[in-house]
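Asks: Here is my input, please return the structure:
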Amino acid sequence: MMMRSNHEFRRVTKIAKADTSHRTSHQSDGGITFGSSEMRGLRKTMEDMTVSRLKLPPPPPSGESPRHNSCGIVGIFDGHLGREAACHVSSHISETVAETLDQADCELDRSEQVMEALTAAFASIDSSLVERGETSGTCAVVALLERPHEGSPPHTIHLASLGDSKAILGRASGPPLELSVSHKPGDPSEQSRVEAAGGEVLNVAFDVGESASAADRVCLPGHSSGLAVSRAFGVANYKANSSLTPEAQLVISTPSVVSHRIEPVVDQFLLLASDGVWDVMKNEEADEFVRKELRLANKQVLRILAENFGQLHVEVVTTRDVANYSVGEMVDFPKSRDKVKGYVMATQADDGSNAGPGQLHVRATPPEAWEGGWQGQSDKGKVALAWPCGIVCEKILDRALELGSGDNMSAILVLLGNVCMAGHDGSSLDTHVQGRGLEKGEKRACQHVSF
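Replies: Residues are numbered from 1 along each chain as shown. Have a look, this model is predicted:
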């Protein structure tokens, strides 16, 4: 099987200075614990999307109790040629998986049921994209976390991968276990399907900033450029041969699915990331990095939760429109004088309305940790578990950027055991102190007053 090379360079558009702001979240119910973060990086637009839920939504009423109501779901969708496909898939994946799980054949064993359900969910979502002629596309790595009931730890990971996003399992000893499968055009089985569908696999060179690289690409007949993956959602123009089934097109949406029974003492965490991370970090490097940063983040969070609640500052940031922010939302202002980052406690418009110029009151700790705060919730034990996961995901993206990644980047970290978490109880009292003087160019010193 021959592979032709194309020596014409294509230029990938990058900006001179990276956008290093993070879109970060974290959550725990005591059984499932995760954190996630996204960064635009050096790309002009952000095309990655993430999903993380402690449990799937209920399916439409069917007269029967859903068999999956306690399953959690996390996923990364690495878009290309636009963000529309990634947005669509991330918006529909949870509900669609819930529906297909509810319809799975009860006579199959559980792993086969889930494999059938995930494959059917991917096909259903992709069909809607192709029918509307969506030319943008997205890779995907999705993990369904199965457990006996809400609040209990997961016992099985069902992982579906499509394209080149990846997931690794960190273990107590030995190297990490890669659960995903990367679908590259140059793989023999993938290339055979592409050529049988009338396409070509070319080795295309790219000019990226000051360097150049080459990758195998799925190319339409008569075209000298194409996709770096052979499986993806969307990209309807690569699935336009009406004489072929969806599974025989140039690019297909059939995922590779694996079920892994969690070994409680051995399996410690699951890390999902887009190729913007994996392009510059090997599995072993990422595994070691997570362990190191998780220890540091645990100490940081423990110190804040257990020692410093009485003297935390509520920073005040001016904004052109307070309607763009909501209470509890994580915000990141890396260009402000004091590089403000935290969670919105309150918004206050200058004219007393709910929109227009005004101030944001931002606090470093997440809403769940506010005593009697957002939604009246105060569960610092769960915050102590989840918050470090979000911090570590941010650190992974920062490190990938330092190592030269020029892509959008996303990461999700799921804790499977008590890894690096000893000593956390999150107990503390909580009071508020307000700060001032954070807008760029403002020179007044911070004042610490009662809030």
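Asks: Just the buried residues of stretch 97-104, please?
Replies: Val97, Ala98, Glu99, Thr100, Leu101, Asp102, Ala104 (16 or more other CB atoms under 10 Å). (C-beta placed from N, C-alpha, C; glycine too.)
Asks: if I look at the third one, how far off is Ser256?
Replies: Put plainly, it is Glu99. 22 Å (CB to CB, to the nearest Å).
Asks: quick one: the helices in this protein?
Replies: With helices called from DSSP state H, the chain shows them at 84-102, 110-131, 188-196, 275-278, 283-306, 380-402.
Asks: closest to Leu42 out of those helices?
Replies: helix 380-402 (7.6 Å; CB to CB).
Asks: Now do stretch 248-265: distance to the chain's middle.
Replies: 17 Å (CA atoms, centre = their mean, to the nearest Å).
Asks: so who does the nearest residue to Val141 once chain neighbours are set aside touch?
Replies: Nearest residue to Val141, sequence neighbours excluded (CB to CB, 6 or more residues apart in numbering): Ser165, at 4.0 Å. Ser165 is in contact with Ile76, Phe77, Asp78, Cys139, Ala140, Val141, Ser180, Leu272, Ala273, Ser274, Asp275, Trp278, counting by CB atoms under 8 Å, 6 or more residues apart in numbering.
Asks: and the helices of the chain as CSV, adding distance to Ala355?
Replies: Listed next are those as CSV, based on distance: least, CB to CB, whole Å:
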stretch, distance to Ala355
helix 84-102, 25
helix 110-131, 35
helix 188-196, 51
helix 275-278, 35
helix 283-306, 32
helix 380-402, 29
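Asks: nearest to Arg171, of those?
Replies: Closest among those, using CB to CB: helix 283-306, at 8.5 Å.
Asks: tilt between the closest one and helix 380-402?
Replies: Angle, helix 283-306 to helix 380-402, by axes from the mean of the first three to the mean of the last three CA atoms, to 10 degrees: 140 degrees.
Asks: Please export the alpha-carbon coordinates of helix 283-306; CSV is fine.
Replies: The C-alpha trace of helix 283-306 is given here as CSV (Å, rounded to 0.1, in the frame of the first residue of the first chain):
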residue,chain,number,x,y,z
ASN,A,283,1.7,9.3,28.5
GLU,A,284,4.4,8.7,31.1
GLU,A,285,5.1,12.4,31.3
ALA,A,286,1.5,13.3,31.8
ASP,A,287,1.1,10.6,34.5
GLU,A,288,4.1,11.9,36.4
PHE,A,289,3.0,15.5,36.0
VAL,A,290,-0.5,14.8,37.4
ARG,A,291,0.9,13.1,40.5
LYS,A,292,3.3,15.8,41.2
GLU,A,293,0.9,18.7,40.7
LEU,A,294,-2.0,16.9,42.5
ARG,A,295,0.2,16.7,45.7
LEU,A,296,0.9,20.4,45.5
ALA,A,297,-2.7,21.4,44.7
ASN,A,298,-3.9,19.3,47.7
LYS,A,299,-1.6,21.2,50.0
GLN,A,300,-2.7,24.5,48.5
VAL,A,301,-6.4,23.7,48.9
LEU,A,302,-6.0,22.3,52.3
ARG,A,303,-4.2,25.5,53.5
ILE,A,304,-7.0,27.7,52.1
LEU,A,305,-9.9,25.6,53.3
ALA,A,306,-8.5,24.9,56.8
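Asks: in that helix, what's buried?
Replies: 283, 286-287, 289-290, 293-294, 297-298, 301-302, 304-306.
Asks: For it, give the mean pLDDT please.
Replies: The average of the pLDDT scores along helix 283-306 is 88.
Asks: and if you look at stretch 224-236?
Replies: 93.
Asks: For that stretch, measure first residue to last.
Replies: This stretch, stretch 224-236, spans 18 Å end to end (CA to CA, to the nearest Å).
Asks: ditto for stretch 226-239
Replies: Stretch 226-239 end-to-end distance (CA to CA) = 13 Å.
Asks: what separates stretch 402-420 from the chain centre, distance-wise?
Replies: 9 Å.
Asks: Quick check, Val89 in contact with Ala140.
Replies: Yes: between Val89 and Ala140 there is a contact at 6.5 Å, judged by CB atoms under 8 Å.
Asks: so what sits against both of those two?
Replies: Going by CB under 8 Å, 6+ apart, residues that sit against Val89 and also against Ala140 are Phe77, Phe233.
Asks: before we move on, the earlier item: distance to Ile252 added to the buried residues of helix 283-306, as CSV?
Replies: Output for these, formatted as CSV (distance: CB to CB, whole Å):
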residue, distance to Ile252
Asn283, 26
Ala286, 28
Asp287, 31
Phe289, 33
Val290, 32
Glu293, 37
Leu294, 37
Ala297, 39
Asn298, 42
Val301, 43
Leu302, 47
Ile304, 47
Leu305, 47
Ala306, 51
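Asks: Out of the residues you listed, which two sit at the greatest distance?
Replies: Asn283 and Ala306 (34.1 Å).
Asks: Where does pLDDT dip in the stretch 101-250 of the chain?
Replies: Counting by pLDDT under 70, the stretch 101-250 of the chain has low-confidence residues at 206-213.
Asks: any chance you could map the strands in it?
Replies: 137-146, 156-162, 166-171, 177-178, 200-208, 211-219, 233-234 (DSSP state E, counting those that start in this stretch).
Asks: The last one: partners in the sheet, and parallel or antiparallel?
Replies: Right, strand 233-234. Here strand 233-234 is paired, per DSSP bridges, with strand 137-146 (antiparallel).
Asks: Show me what counts as buried in the partner strand.
Replies: So, applying 16+ other CB under 10 Å, buried residues of strand 137-146: Gly137, Thr138, Cys139, Ala140, Val141, Val142, Ala143, Leu144, Leu145, Glu146.
Asks: Show the contacting residues for the fourth one.
Replies: Residues near Ala140 by CB under 8 Å, 6+ apart: 75-78, 89, 93, 122, 160-163, 165, 233, 255.
Asks: could I get stretch 157-174 in CSV with only the CA atoms?
Replies: Taking C-alpha atoms only, stretch 157-174 is exported to CSV below (Å, rounded to 0.1, in the frame of the first residue of the first chain):
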residue,chain,number,x,y,z
ILE,A,157,-15.1,2.9,33.0
HIS,A,158,-16.7,2.6,29.5
LEU,A,159,-14.6,4.6,27.2
ALA,A,160,-15.4,5.6,23.6
SER,A,161,-12.8,7.3,21.4
LEU,A,162,-13.0,8.9,18.0
GLY,A,163,-10.1,10.6,16.3
ASP,A,164,-6.9,11.6,18.2
SER,A,165,-8.1,12.8,21.6
LYS,A,166,-6.8,10.4,24.2
ALA,A,167,-7.4,9.0,27.7
ILE,A,168,-4.9,7.3,30.1
LEU,A,169,-5.4,5.5,33.3
GLY,A,170,-3.0,6.3,36.1
ARG,A,171,-2.1,3.3,38.3
ALA,A,172,-0.5,2.8,41.6
SER,A,173,2.5,1.1,40.0
GLY,A,174,3.8,0.7,36.5
